[in-house]
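Have a look; sequence and predicted model below, questions after that.
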Amino acid sequence: MSSSKLSIGIVGLPNVGKSTLFKTLTKKQVLIANYPFATIDPNVGVVLVPDERIDKLAEFSKSLKKIYTTVDFVDIAGLVKGASEGEGLGNKFLANIRETDAILYVLRAFKNPDIINTQTEINPLKDKEILDVELILKDLETLEKQVGDIDRLIRANKGWTEKQVNVIKKALALLREQKVLVEQEWLDDEKEVLNQYQLLTLKPRLYLLNGKPEEVQNWGVGDPNTLIVDIGTEAEAENLTRQERIELGLPELSGTDILIKKSYELLGLQTFLTTGEDETRAWTIHKGDKAPQAAGVIHSDFEQKFVKAEVIFWDDLLKAGSYGAARQTGLIRTEGKEYVVKDGDVIEFKHG
Ligand SMILES: Nc1nc2c(ncn2[C@@H]2O[C@H](COP(=O)(O)OP(=O)(O)OP(=O)(O)O)[C@@H](O)[C@H]2O)c(=O)[nH]1
Ligand SMILES: [Mg+2]
């Protein structure tokens, strides 16, 4: 992640439901005015991450403000064969997803013949291959430019190592075999080299099969990063509350909520919370981050000046009834520098 903000690029063939998904997601931005840097680019939507813990803690603390974490979704025009070489609008827009943290493939599984299909059949697996090829070609272009440069840079002795060059050459060879880089094995230091180039096939990805469960069932969905969402239905149900969804027999969590949660998992992210009269707020960190790193997300100074953290699990705090009661019963723990923060921790940091 470039910052504590997560962004996801939506990729797919034309007319498969990308923009419908995008619009449905971005309608969730109820509190958008509350959010600094609210987007001005019409293709970037800031989406609040639904989190009932925020609602409950805010009520508990009588907070004036509730601040959810957000995910940016970037909508691009449909890719067609040849997009990487400038065919269609796709090429221009591939550039827009270079800076995203992850990529979401939207694959058509819905049958409705009234919606024009640019392919001759409904086949999400084939569609995935077409998309892969375009992203692979784009990555080849990026790295080929580098190899030219690197040979020159090595000669000029600008600090390039043999190893860096070899990693790039290895990636080039794989791409030429039409391999998606994120599906290959990489050592940490190899990944570090490649991470400099914002390669499209190196980004973690999610696959969304757009269709009703019965339309999708033929498409052997083995990949844990695949989810089935009927975007058409989601678009119609976008204004329903949880309760209304249950009454109508829809799953309690909407497909878009699940998508957002999955994205967090995919990227190894989690949230911790802060709560008080001013605000109750969710903060995004990586799984495995220690207390000082978490403090650093709130303010960059806090990481250096970290002294200790007072921690309680959100549900325990609610059950205790008040901070005072939680303290008296020993539910609030004092943790030091080595404490690994857990999803759902409510934390108060003490710094010097
Ligand atoms: N039956 C059905 N139709 C859908 C579904 N999702 C989207 N559509 C319809 O498909 C058409 C294209 O949807 P868009 O969301 O504009 O597709 P897109 O992928 O953004 O298309 P491009 O921007 O042209 O690449 C619209 O008429 C949608 O109403 C779905 O889940 N089921
Ligand atoms: Mg569109």
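Noted; the coordinates are in hand. Ligands and ions are numbered 1, 2, ... in the order given.

Flag every residue of the chain that's near ligand 2.
18-19 (Cβ under 5 Å from the ion). (Each C-beta comes from the backbone N, C-alpha and C, glycine too.)

mind showing which ranges of the chain have poor pLDDT?
1-4, 28-42, 82-93, 153, 157-159, 218, 220-222 (pLDDT under 70).

Which residue would be the closest one in it to ligand 2?
residue 19 (3.2 Å; Cβ to the ion).

where's that residue, which helix or strand?
Residue 19 is part of helix 18-26, with elements assigned from DSSP states H and E.

Hmm, the residue of the chain closest to ligand 2 is touching residue 74, no?
No - using Cβ atoms under 8 Å, residue 19 makes no contact with residue 74, being 11.7 Å away.

so who does the residue of the chain closest to ligand 2 touch?
If you count contacts by Cβ atoms under 8 Å, 6 or more residues apart in numbering, residue 19 has them with residue 75.

Could you measure from residue 27 over to ligand 1?
As judged by Cβ to the nearest ligand atom, to the nearest Å, residue 27 and ligand 1 stand 14 Å apart.

Where does the residue lying closest to that residue once chain neighbours are set aside sit: helix, strand or coil?
Setting aside the residues directly before and after it, residue 27 is nearest to residue 238 in space (Cβ to Cβ, 6 or more residues apart in numbering), at 5.3 Å. Secondary structure for residue 238, judged by DSSP: H, G, I helix; E, B strand; the rest coil, is coil.

Now do the SS call for the most centrally placed residue in the chain.
The structure's the chain has its C-alpha centroid closest to residue 263; by Cα atoms, centre = their mean the separation is 4.3 Å. Here residue 263 is recorded as helix under three-state DSSP.

out of everything not next to it in sequence, what's closest to it?
Using Cβ to Cβ, 6+ apart and skipping residues adjacent in sequence, the residue nearest residue 263 is residue 8, 5.8 Å away.

give me every residue that touches that neighbour.
Residues 71-74, 100-104, 206, 263 are the ones in contact with residue 8 under the rule Cβ under 8 Å, 6+ apart.

Same question for residue 332.
Contacts for residue 332 were tallied using Cβ under 8 Å, 6+ apart; they are 310-312, 323, 326.
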